[in-house]
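Peer 1: Pasting the sequence and the predicted model now:
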Amino acid sequence: MADVTQLIHDYLRHNKKFPHVFCAGCGHGIVLGSLIRSVHALGLPKDDVVLVAGIGCSGRMAVYVDFNTVHTTHGRALTFATGIKMANPKLKVICVMGDGDALSIGGNHLIHAARRNIGVTALILNNQIYGMTGGQCSSATPQGDISMTTPFGSLEKAFDIADMCKAAGASYVARGTSFHAIQLDRLISSAIMHPGFSVVEVFSPCPTQYGRKNKFRNAVDMYKWLKSNTVKVETLKEPDRKPEDGRIPIGVFRDVEEPGLEERYFELQRKLMGQNR
Amino acid sequence: MSKKQKGQTRVCVYPDWCKGCGLCVAFCPAKVLVLNAFGKSEVANEDECINCGFCELHCPDFAIAIKPRTRSAPGQPDPRSGWSDPEAEHGRASPPEPTPEPNPNPEE
């Protein structure tokens, strides 16, 4: 186990303000560490990795790591990532978004990126709340849960990100949690190496805005909840249906090899160039 | 875990980076860490550490490092790891800076 932390520190920008802005117990820090370990395990050079982030708590992630990073406008992280991937398909583009970023304001971009099957890795950090702006109800807040704007419980159903991306046509869809860090490493590594559009939804607890309004005493309680309320999708009898006891299935939901948009584009380019000669 | 595997590691917590979320304290299987009076994580009984690596993987603030113990004299670099010296690291408040990469184009 030695050297894991040193490895992470080698990838951090130590001239930025540390410790980072995430609250005590926030899962985003664990996901950041997992992302760094995955990139290191794949042996990718720092210059070949682009981290695109939107606005929100998860958007701060791009500031801290020493890759090529872009901190973009709210919800538009995937559009910037699409442009980067089309311009230089050799780069590994990782797009870090929160649930508000990916589902609410950038919901259209997410489903269209999945439809196009562009070779970008979308990392959706689902903390079930708008954490940075003060704890408003987001489109991933579960029904009945209390937030700043829904003091008597949310009336709306939450999005199931994995189901939505699967329906929209993403070729790699997985879900992990920040408690299951070793599994998350594996999911992120295989998502980065996947040729088409790959989505990894990560449940990342928000103890400050979500937890203390929903009867979690502290961050540790939220991680214990994650530990006891998740089930591996491989162990389910019917993987396509949700478990009746309300547990969250985690694991790889879809993994098909399809060429990404940029591959098809350059293939067309080669074909047309050949015709002109 | 057998007893043989205990006591082979050094657990280093950097208090300047720790925010005191208590994850390492709550989930450590060997109860190595405790929260101190400042609300930060502190090593209580290092000899019980079984080197599972949970705290290192799950610390959101990258404030815990597990390193092998050395038998070399203090001050000597540890040949087994990229760290300078685990014994010297033990009392540090913040983690060491990343090792600078050599500049491939010194002209620029």
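Peer 2: The structure has been received and is ready for your questions. Note that this is a predicted model, so its numbers are computed, not measured.

Peer 1: For the rest of this, base every contact and every neighbour count on C-alpha atoms.
Peer 2: Fine.

Peer 1: Up against chain A, what does chain B have?
Peer 2: Within reach of chain A by C-alpha under 8 Å from any C-alpha of the partner chain, chain B has these residues: B:16-23, B:26, B:51-53, B:56-68, B:81-83, B:95-99.

Peer 1: Tell me where the chain has strands.
Peer 2: Since no chain was named, I'll use chain A. Assignment of strands within chain A using DSSP state E yields the ranges A:49-53, A:68-71, A:92-98, A:121-126, A:172-177, A:198-203, A:230-232, A:248-255.

Peer 1: Correction: the question concerned chain B.
Peer 2: Assigned by DSSP E, the strands in chain B fall at B:9-13, B:33-35, B:41-43, B:64-68.

Peer 1: who wins for proximity to A:D185 among those?
Peer 2: strand B:64-68 (18.3 Å; C-alpha to C-alpha).

Peer 1: and that closest one, what other elements does it pack with?
Peer 2: helix A:4-11, strand B:9-13, helix B:54-58 (3 or more C-alpha pairs under 8 Å, 6 or more residues apart in numbering or on different chains; DSSP states H and E).

Peer 1: average model confidence for it?
Peer 2: Average pLDDT, strand B:64-68: 86.

Peer 1: CA atoms only: put it into PDB for me.
Peer 2: Below are the C-alpha coordinates for strand B:64-68, written out as PDB (Å, rounded to 0.1, in the frame of the first residue of the first chain):
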ATOM      1  CA  ILE B  64      -2.500  10.000   5.500                       C
ATOM      2  CA  ALA B  65       0.400   8.000   4.200                       C
ATOM      3  CA  ILE B  66       1.300   4.400   5.100                       C
ATOM      4  CA  LYS B  67       5.000   3.600   4.700                       C
ATOM      5  CA  PRO B  68       7.100   0.600   5.400                       C
END
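
Peer 1: related to what we said a few turns ago, indicate which one of the strands of chain A is closest to chain B.
Peer 2: In this view, the strands of chain A are compared for proximity to chain B by C-alpha to the nearest C-alpha, and strand A:172-177 is the closest at 11.4 Å.

Peer 1: Enumerate every residue touching the residue sitting nearest the centre point of chain A.
Peer 2: Most central in chain A under C-alpha atoms, centre = their mean is A:L123, positioned 1.9 Å from the mean C-alpha point. Taking C-alpha atoms under 8 Å, 6 or more residues apart in numbering or on different chains as the definition of contact, the neighbours of A:L123 are A:94-97, A:199-202.

Peer 1: Can you tell me the closest non-neighbouring residue to the single nearest residue of the stretch 101-250 of chain A relative to chain B?
Peer 2: The minimum distance from the stretch 101-250 of chain A to chain B, using C-alpha to the nearest C-alpha, falls at A:V220 (5.7 Å). Taking C-alpha to C-alpha, 6 or more residues apart in numbering or on different chains, and ignoring the residues beside it in sequence, A:V220 has B:L23 as its nearest neighbour in space, at 5.7 Å.

Peer 1: who's in contact with the one you found?
Peer 2: A:25, A:219-220, B:55, B:58-59.

Peer 1: Show me just the buried residues among the residues of chain B next to chain A.
Peer 2: For the residues of chain B next to chain A, a burial check counting by 16 or more other C-alpha atoms under 10 Å in any protein chain shown picks out B:17-23, B:26, B:51, B:53, B:56-68, B:83, B:95.

Peer 1: hang on, isn't A:S204 packed against A:L125?
Peer 2: Yes: the pair A:S204 and A:L125 passes the contact test of C-alpha atoms under 8 Å, sitting 6.1 Å apart.
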